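Asks: let's see this in three dimensions:
(one chain, ligands or ions: 1)
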Amino acid sequence: MNNKVKTEWKKCDNCGFLQHKSHLRCLNCKNDKFTLMEASGECKLITFTILYAPPAEFRDKPSYALGVVQFENGIKAIGQVSTQENLLIGMKLKPVYRKICENLDGKEVNAYVFEPTL
Ligand SMILES: [Zn+2]
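Replies: Presented below is the predicted three-dimensional model:
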């Protein structure tokens with residue numbers, strides 16, 4: 001299983017600003033030429049929270065950790081963190097694509113979960 005994270009980021013070819021791909025022009029310099037960006041490899045934890053009242057899809061869990069991570073090329077992503085223990089801002093994580101829950105129709109839902117790398 002690969003650990004490339006599909007992201008929706010693009011980098012301005014003029015000033016290097018990173019932004020969501022839905023923007024037609026650079027939010028910083030108004031340029032309209034971009035390079036699509038992909039995240040891969042390790043990332044670091046920027047911030048996190050513990051959800052104690054998860055959505056109904058996560059009915060099998062009393063709580064879980066949700067984190068914002070940043071990859072080496074500057075791309076940020078949000079997702080579940082595999083543990084709620086010993087989380088520290090700046091710690092190294094890696095993305096792993098796996099089942100996160102079953103939706104309310106009983107279908108398996110997969111997404112990236114960020115796991116500590118040790
Ligand atoms: Zn720009």
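Asks: C-alpha from now on. contacts and neighbour counts both.
Replies: Fine.
Asks: ok, longest strand in this structure?
Replies: strand 92-102 (DSSP state E).
Asks: give me the secondary structure label for the residue most central in space within the chain.
Replies: Central residue of the chain (CA atoms, centre = their mean): residue 77, 2.7 Å from the mean position. Under DSSP: H, G, I helix; E, B strand; the rest coil, the three-state class of residue 77 is strand.
Asks: quick check: bridge partners of it?
Replies: Beta bridges link residue 77 to residue 69 when assigned by DSSP bridges.
Asks: that one against residue 69, yeah?
Replies: Yes - using CA atoms under 8 Å, residue 77 is in contact with residue 69, at 5.4 Å.
Asks: count of residues packed around the closest residue to residue 110 other than its chain neighbours?
Replies: What sits nearest to residue 110 in space, not counting adjacent residues and going by CA to CA, 6 or more residues apart in numbering, is residue 99, at 4.1 Å. Using other CA atoms under 10 Å, residue 99 has 12 other residues around it.
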